[in-house]
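>>> Pasting the sequence and the predicted model now:
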Amino acid sequence: MFPDPPPERFEHVFPVEAADIDELGHVNNTVYVRWVQDVAVAHWRAAAPPEAQEALVWVVARHEIDYKHPALLGDQILARTWVGPATRLAFERNTEILRVRDQRMLARARTVWVPLAPSTGRPCEVSPEVRERFSVPAAGRAPTR
């Protein structure tokens, strides 16, 4: 269901904080969604040219997350993300969430992002440079939309 990460990927470390813990004593599922979004945004800001960052904003059209193991208070989390195939207006991104100390896979996500023009709030096409940097040729299933 989720492809293996290619050599080019972006990583960010997050601490598990008290506010992330739910009544079951582990990180709430909604926090994983936040980490998936936060690492994607960090990758965009680190890798996109400034003119593209001014011309585009991204919104999530779909999240798929498989939860494997819980994260606990005090854990350091490694979020690793890489881009997947894209259609005209839908860009797939994959993310792995691991615990730093033992590299245990805690969750895997596939997210579909849509580029918007900030001036209109409507979906828009991206430049060839952005498409090349933030997608790979389709090899199997295409993202939805």
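Great, that's in hand.
>>> Wasn't residue 53 part of a helix?
Yes: under DSSP: H, G, I helix; E, B strand; the rest coil, residue 53 falls within a helix.
>>> Residue 76 versus that one, what's the distance?
Noted for residue 53: a distance of 28 Å to residue 76, by CB to CB, to the nearest Å. (Glycine included, C-beta is placed from N, CA and C.)
>>> Please apply the same query to residue 58.
Residue 58 sits at a distance of 26 Å from residue 76 (criterion: CB to CB).
>>> Have a look at these two and say which one is more surrounded.
residue 58 (19 against 13; other CB atoms under 10 Å).
>>> Would you enumerate the residues in contact with the more buried one?
By CB atoms under 8 Å, 6 or more residues apart in numbering, the residues touching residue 58 are 40, 41, 44, 91, 113, 114, 115, 116.
>>> what about the last one, how many neighbours?
Close neighbours of residue 116, defined as other CB under 10 Å, add up to 16.
>>> Kindly report the same for the first one.
Look at residue 40: counted by other CB under 10 Å, it has 24 neighbours.
>>> how about it, what does it touch?
Taking CB under 8 Å, 6+ apart, one finds 58, 81, 93, 95, 111, 113 in contact with residue 40.
>>> Just name the closest of these to residue 13, please.
Nearest to residue 13 among those is residue 81, at 12.7 Å by CB to CB.
>>> so what's that closest one bridging to?
residue 10, residue 95 (DSSP bridges).
>>> Endpoints of stretch 19-38, how far apart?
By CA to CA, to the nearest Å, the extent of stretch 19-38 from end to end equals 16 Å.
>>> My error: substitute stretch 10-30 in the last question.
Note: stretch 10-30 ends 21 Å apart using CA to CA.
>>> hey, what's the closest residue to residue 63 other than its chain neighbours bridged with?
Spatial nearest neighbour of residue 63, chain neighbours left out: residue 111 (5.2 Å); criterion: CB to CB, 6 or more residues apart in numbering. Beta-bridge pairing for residue 111 (DSSP bridges): residue 63, residue 93.
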